[in-house]
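J.: Structure for the following, please:
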Amino acid sequence: MKVLFIGGTGNISAASSRLALDKGYEVYLLNRGNIDLPDLKNAKSIKCDINNSVDVKKALKGMEFDVVANFIAFKPEEVLRDIELFSGICKQYIFISSASVYQKPLSHPIITESTPLANPFWDYSRDKIACEELLNKAYRENGFPITIVRPSHTYETVIPVAIGSWTDFTLIDRMRKGKKIIIHGDGSSLWTITHSEDFAIGFVGLLGHQQAIGQSFHITSDEILNWNQIYESVAEAAGVELNAVHIASDFICNVADEMGLDWMRGNLIGDKATSTIFDNSKIKTFVPDFKATIPFRQGFKRTIDWFDADKSRRIINEENNELLDRVIAEYERPG
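T.: Below you'll find the predicted structure:
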């Protein structure tokens with residue numbers, strides 16, 4: 001099978017690229033070539049900026065693919081570009097959406113693929129919904145062969161917490177220095193975190209799957225943890241005791257708004273402050289091999305080991321430190 005991954009070297013996509021190669025697929029990676037991963041050396045590289053349609057057309061001239069998957073499309077205009085670029089040259093186009101598109105607040109605690117898509121709190125999620133709507137329209141009206149995949153908080157080389165880190169090492173650095181970290185609410189809301197290698201099993205199983213055309217899937221772990229358990233596992237992997245302060249999500253968002261960090265409201269109220277329980281029956285039906293087997297406690301220890309193996313990876317984001325310090329200071333201010 002001949003597949004083209006747009007991106008293909010990121011936190012979610014690298015594991016999928018590795019698994020596709022392991023299965024003997026002919027894997028092409030279209031990206032700017034800024035990340036060189038030795039375990040993807042057998043993939044064919046197309047160094048190109050997907051946002052430059054002229055260069056992409058030149059690079060792909062005469063080529064056809066069984067599957068094109070875009071891991072880095074976020075805006076409707078990017079999806080429209082892809083429809084124009086890949087119509088007629090692929091048998092399946094996979095769009096990586098987000099499970100944050102699901103209804104907030106939820107009207108039913110169990111999320112299936114039929115849960116309504118509506119997120120009034122986060123423009124990121126609304127953009128993903130708009131992308132999905134354009135793709136479904138292209139499928140209905142022109143037969144553009146779409147499959148939509150919705151990951152939820154998937155990690156391998158990131159710190160998958162709610163506030164304080166993502167690609168950077170800030171939260172772990174704070175923990176190791178004994179500083180306070182913030183857990184939103186009372187830490188009892190439920191959440192699902194998925195290792196990229198588990199996600200890859202479901203994702204790669206959809207490649208070339210004829211019955212997946214026109215369908216949408218979320219692909220997540222079945223492990224359900226509350227945020228207290230998540231942060232306890234993070235601290236354990238970091239080798240320290242947890243020093244946490246619980247602060248209401250609205251309070252955190254109000255302080256973030258004052259700092260001009262309006263994305264925090266979507267990140268919390270529109271996503272991580274909501275309890276999420278995913279029903280993965282659909283992906284398991286289409287991909288019988290799919291089963292998430294990496295518990296967060298085990299998988300995140302591997303993530304910490306990855307950061308600790310190379311000092312250059314342990315980047316500190318002072319904006320995150322400033323946010324945490326200010327929220328805590330405002331919360332603990334007397335009177």
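J.: From here on, just use CA atoms for contacts and neighbour counts.
T.: Will do.
J.: all helices for the stretch 1-150 of the chain, in order.
T.: 13-22, 53-59, 76-86, 123-142 (DSSP state H, counting those that start in this stretch).
J.: ranking those helices by burial, who's on top?
T.: helix 13-22 (a mean of 21; mean count of other C-alpha atoms under 10 Å).
J.: And the contacts of that helix?
T.: For helix 13-22, the surrounding residues in contact (C-alpha atoms under 8 Å, 6 or more residues apart in numbering) are 5, 7-9, 27, 39-40, 42-43, 71, 196-197, 199-201, 203-204.
J.: go on, stretch 212-220?
T.: 92, 99, 113, 136, 139, 145-152, 154, 192-194, 198-199, 202-203, 206, 278, 280, 282-283, 286, 292.
J.: picking that back up, quick one: which of the contacts of helix 13-22 sit in strands?
T.: Cross-referencing the contacts of helix 13-22 against strands under DSSP state E gives 5, 27.
J.: ok so, going back, drop anything exposed from the contacts of stretch 212-220.
T.: Among the contacts of stretch 212-220, those buried by neighbour count (16 or more other C-alpha atoms under 10 Å) are 92, 99, 113, 136, 139, 145-152, 154, 192-194, 198-199, 202-203, 206, 278, 280, 283, 286, 292.
J.: tell me the mean pLDDT for stretch 109-126?
T.: Stretch 109-126 comes out with an average pLDDT of 97.
J.: One more: stretch 317-324?
T.: 97.
J.: Need the pLDDT of residue 41.
T.: Confidence for residue 41, expressed as pLDDT, is 88.
J.: Next: residue 83.
T.: The model reports residue 83 with a pLDDT of 97.
J.: swap in the one 4 residues further on?
T.: The confidence metric pLDDT takes the value 96 at residue 87.
J.: try the one 4 residues further on
T.: Reading off the confidence values, residue 91 has pLDDT 98.
J.: Isn't it up against residue 145?
T.: Yes - assessed by C-alpha atoms under 8 Å, residue 91 is found in contact with residue 145 at 6.3 Å.
J.: Spit out the contact partners of residue 191.
T.: 224-227, 272, 274-277.
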